[in-house]
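1. A structural model of the following input is requested.
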Amino acid sequence: MKKIFKLFLRSLLVLFILLNIVVIFQAYKFTHYYERNEVLIKKQENKTGWDISKEIMFGANYVKQENTAPDTVVQTVQLVTANNLSLEAWYIPVANAKGSIAMFHGHGGKKSSMLPEAAYFRKMGYNILLVDFRAHGNSQGNTCTIGYKEAEDVKLAYDWLKNKGEQNITLYGISLGAATITKAINDYPIKPSRLILEMPFGTLTNAVEGRVKMMGLPAQPISTLLTFWGGTLHGFWAFNLSPETYAKKITCPVLLQRGTNDPRVTAEETNMIYHHISSPKKLVLYENSGHESLYKKEPQKWEAEVKTFLQ
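-> Numbering: from 1, shown residues only. Alright, predicted model coming up:
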C-alpha cells in the first residue's frame with residue numbers, strides 16, 4: 001500500500017509539473033502580440049492536427065490587429081512610456097468643443113474599433129483622443145500586462161490632453177480599457193471630469209476565469225495558475241490587480257455599462273465595482289448584448305444613455 005501511495009503521489013506531482021509547464025506557455029502567449037511579419041498565422045481551416053495540438057500545449061500566436069483608416073482627418077500623436085515605447089494615438093478635434101474624450105480599447109483590440117463611438121462623441125461636440133495600448137495596433141511593444149503597466153498609457157493620454165489646456169476630460173474604456181482606467185486613477189494623481197466604463201472585469205482572476213470558461217475548460221485550477229504565471233512572467237503579483245478595489249478611489253461621476261449576456265464579465269463583478277464607487281454613478285444594463293460593442297449592438301439605447309450622462 002505504501003508503494004502504491006508513493007506512486008500515486010509521484011504521478012500527481014508529475015501531472016502538476018506538466019500542467020504548470022503548459023500553463024506557463026499559455027500565459028506567455030496570452031500576453032504577447034506580434035507584428036504580422038514576425039510569426040506565421042494559419043487560418044483555422046488550414047491548420048493540421050499537429051498545429052492544433054501545439055496550440056493546446058504551447059499556446060497560439062497572436063498578432064496585432066491592423067487599424068482601419070479613420071473616416072475623417074486625424075492628427076497622429078506619439079505618447080512615450082517610461083521604458084521608451086512609442087504609443088500611437090489619433091487626435092480628432094472639433095470646433096467649439098465642450099471637452100475631450102480619451103478612448104481605450106479592449107484586450108487584443110485597436111483604436112479604430114472605437115471609431116463609431118468616437119463619431120457620436122464628435123457629433124455631441126467633443127474632441128477625441130483614440131489610443132492604441134502598448135503591444136496593440138500601431139503602438140510599440142509586444143507585451144500586454146492586462147492593465148498593470150497599461151495604466152501608464154491612460155495617464156499619458158490624460159496628461160497630453162491636460163497639457164493642451166483641456167479642463168473637461170472624460171475617460172472612456174471598453175473591457176480591458178475600462179479596467180485599466182480604474183487602475184490609472186488608483187496609481188496616479190489624475191482627475192478626469194467623468195468616466196464611462198463598459199464591461200470592466202472585477203479582478204484579473206475573474207478576467208482569466210471568463211476566458212478559460214469560453215474555451216470550454218474547467219475554471220480551476222487553470223485560472224489560478226494562469227493568473228499566477230501571467231503576473232510572475234511580467235514581474236508583478238497578479239492577484240492584486242483588482243478594478244473592483246480601485247473603484248474606491250474614483251471621485252468623479254461614472255456611467256458603468258454591461259451587457260446582460262456577457263459570458264466573460266459576471267453581474268457580480270459589475271455590481272462589486274458599482275458598489276465601491278462612492279461618487280455619483282449610474283449602472284445601465286443592455287438586455288440584448290454580450291461582451292461586445294454595446295453601441296453597435298444597441299445604438300439607440302447607448303446614444304440616449306451617453307447623451308444624458310454627458311449633458
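
2. Just to be sure, residue 141 is in a strand?
-> No. The assignment for residue 141 (DSSP: H, G, I helix; E, B strand; the rest coil) gives coil, which keeps it out of a strand.

3. Which residues are in contact with it?
-> 85, 134, 135 (Cβ atoms under 8 Å, 6 or more residues apart in numbering). C-beta: built from backbone N, CA, C; applies to glycine.

4. again, only this time at 10 Å
-> Going by Cβ atoms under 10 Å, 6 or more residues apart in numbering, residue 141 touches 32-33, 64, 81, 83-87, 133-135, 149-150, 153.

5. Could you identify the buried members of the residues you listed?
-> Among the contacts of residue 141, those classed as buried by 16 or more other Cβ atoms under 10 Å are 32, 33, 64, 81, 85, 87, 133, 134, 135, 149, 150, 153.

6. longest helix anywhere in the protein?
-> helix 2-30 (DSSP state H).

7. buried set for that one?
-> 22, 23, 24, 25, 26, 27, 28, 29, 30.

8. Hmm, residue 227 and the fifth one touching each other?
-> No. The criterion here is Cβ atoms under 10 Å, and residue 26 misses it with residue 227 at 11.6 Å.

9. In terms of secondary structure, what does the longest helix of the chain contact?
-> For helix 2-30, the elements it packs on are helix 49-58, helix 204-214, helix 222-233, judged by 3 or more Cβ pairs under 10 Å, 6 or more residues apart in numbering; DSSP states H and E.

10. ok, the buried residues of helix 2-30 vs residue 100, which is closest?
-> If you rank these by distance to residue 100 using Cβ to Cβ, residue 30 comes first, at 32.7 Å.

11. how close does that closest one get to residue 60?
-> With distances taken as Cβ to Cβ, to the nearest Å, residue 30 is found 9 Å from residue 60.

12. Could you double-check that residue 160 lies in contact with residue 127?
-> No. In this structure residue 160 lies outside contact range of residue 127 using Cβ under 10 Å: 11.4 Å.

13. what would the buried residues of helix 2-30 look like in a markdown table with pLDDT and distance to residue 68?
-> Formatted as a markdown table, the buried residues of helix 2-30 follow (pLDDT from 0 to 100; distance: Cβ to Cβ, whole Å):
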| residue | pLDDT | distance to residue 68 |
| --- | --- | --- |
| 22 | 86 | 35 |
| 23 | 87 | 35 |
| 24 | 91 | 35 |
| 25 | 87 | 32 |
| 26 | 86 | 30 |
| 27 | 90 | 30 |
| 28 | 90 | 29 |
| 29 | 87 | 25 |
| 30 | 86 | 25 |
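
14. Just the residues contacting the helix or strand where residue 303 lies, thanks.
-> Assigned by DSSP states H and E, residue 303 falls within helix 299-310. Contact with helix 299-310 is made by 98-99, 101, 116-117, 120-121, 123-126, 168, 170, 172, 193-196, 198, 253-255, 257, 280, 282, 284-289, 293-296, 298, as judged by Cβ under 10 Å, 6+ apart.

15. leaving aside the residues next to it on the chain, what's closest to the residue positioned nearest the centre of the chain?
-> Central residue of the chain (Cα atoms, centre = their mean): residue 176, 1.5 Å from the mean position. Nearest in space to residue 176, with sequence neighbours left out and distances taken as Cβ to Cβ, 6 or more residues apart in numbering, is residue 107 at 4.2 Å.

16. Look up how far residue 145 lies from the one you found.
-> 11 Å.

17. Can you report how many residues neighbour residue 280?
-> 12 (other Cβ atoms under 10 Å).

18. Not counting its neighbours along the chain, what's nearest it?
-> Residue 280 sits nearest to residue 253 (Cβ to Cβ, 6+ apart), 4.3 Å away.

19. Please apply the same query to residue 270.
-> Per Cβ to Cβ, 6+ apart, closest to residue 270 is residue 258, 4.7 Å.

20. ok now do the one you found, which residues does it touch?
-> So residue 258 contacts 178, 197-200, 265-267, 269-271, 273-274, 283-286, 289-291, 294 (Cβ under 10 Å, 6+ apart).

21. Separate out the buried members of these.
-> Using 16+ other Cβ under 10 Å, the buried members of these are 178, 197-200, 265-266, 269-270, 273-274, 284, 286, 289-291, 294.

22. would the residue nearest to residue 270 count as being in a strand?
-> Yes. Counting by three-state DSSP, residue 258 falls inside a strand.

23. Low-confidence stretches in the stretch 51-200 of the chain?
-> Applying pLDDT under 70 to the stretch 51-200 of the chain picks out residues 51-56.

24. what's the neighbour count on residue 263?
-> Residue 263: 12 neighbours (other Cβ under 10 Å).

25. element containing it, please.
-> Going by DSSP H and E, residue 263 is not in any helix or strand.

26. shouldn't it be in contact with residue 212?
-> No. Taking contacts as Cβ under 10 Å, residue 263 lies outside contact range of residue 212: 11.3 Å.
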